[in-house]
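Visitor: okay, sequence plus prediction incoming.
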Amino acid sequence: MGNKTLAIIKPDAVGNGYTGAIIDKIIKAGFKIKAMKMTHLTKSSAEGFYAVHTERPFFGELVEFMISTPCIPIALEKENAVEDYRKLIGATDPANAAEGTIRKLFAKDIQFNAVHGSDSDENALKEIAHFFSTDELLNNYSE
Ligand code: ADP
Ligand code: MG
């Protein structure tokens, strides 16, 4: 079981002013922020990130959405991170997301759905590396 996952606060949620509320829920759920940045994705970065969806009918729209305005990738750490974070965000379509989940609270529809979450430990590591170099990750901090 891995302990890392990659979250993104997507352009819709950043633009709607939900960044603080979403980060608060993530931290209260027990995740530690290892790295975070606000960035305006290039087309090639967004296409690379979502390469697994290239053949899906919504791929073009998804890329346009992700490059529309800035987003906030966040590398997170917690035991069982991938599964626990996906539980916290809820189903892809907010209409099917459980009460209290981030997508239920902050997403508009299946496309403009507020946040990303990795779907496996293997992809979590790849996705974190897509946005952050090793020296950007918080390590061994002590007071
Ligand atoms: P998830 O983000 O829950 O892992 P997917 O990996 O299936 O969902 O899809 C990636 C993203 O593509 C979704 O979060 C959403 O923004 C967008 N998306 C998924 N399905 C659709 C759809 N049917 N129409 C438009 N956009 C979609
Ligand atoms: Mg996915």
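Guide: Received it, and whenever you're ready, just let me know what you need. Ligands and ions are numbered 1, 2, ... in the order given.

Visitor: and the helices in the chain, which stretches?
Guide: With DSSP state H, the ranges of helices along the chain come out as 11-15, 19-28, 43-49, 59-66, 81-89, 102-106, 121-131.

Visitor: switch these over to TSV; also include distance to residue 138, mean pLDDT and mean neighbour count.
Guide: In short, each C-beta sits where N, CA and C put it, glycine included. Compiled in TSV, those are given as follows (distance: least, C-beta to C-beta, whole Å; pLDDT from 0 to 100; neighbours: other C-beta atoms under 10 Å):
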stretch	distance to residue 138	mean pLDDT	mean neighbour count
helix 11-15	22	99	20
helix 19-28	13	98	15
helix 43-49	22	98	15
helix 59-66	25	98	16
helix 81-89	15	98	21
helix 102-106	22	98	22
helix 121-131	12	98	17
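
Visitor: distance of residue 87 from ligand 1?
Guide: 12 Å (C-beta to the nearest ligand atom, to the nearest Å).

Visitor: what do you get for residue 112?
Guide: Spatial separation of residue 112 from ligand 1 under the definition C-beta to the nearest ligand atom is 7 Å.

Visitor: ditto for residue 62
Guide: From residue 62 to ligand 1 the distance is 4 Å (C-beta to the nearest ligand atom).

Visitor: just checking, that residue touches residue 51?
Guide: No: using C-beta atoms under 8 Å, residue 62 is not in contact with residue 51, being 11.5 Å away.

Visitor: ligand 1 contacts on the protein?
Guide: Contact residues (C-beta under 6 Å from any ligand atom) of the chain with ligand 1: 53, 58, 61-62, 92, 110-111, 113, 116, 119.

Visitor: try it again with 8 Å
Guide: For the chain, the residues in contact with ligand 1 under the definition C-beta under 8 Å from any ligand atom are 10, 50, 52-53, 56-58, 61-62, 65, 86, 89, 91-93, 109-113, 115-117, 119.

Visitor: which of those fall within strands?
Guide: Using DSSP state E, the subset of the residues of the chain next to ligand 1 located in strands is 115-117.

Visitor: pick the one among the residues you listed closest to ligand 1.
Guide: residue 116 (5.5 Å; C-beta to the nearest ligand atom).

Visitor: how far away is that closest one from residue 139?
Guide: In this structure, residue 116 and residue 139 are separated by 23 Å, where distance is defined by C-beta to C-beta, to the nearest Å.
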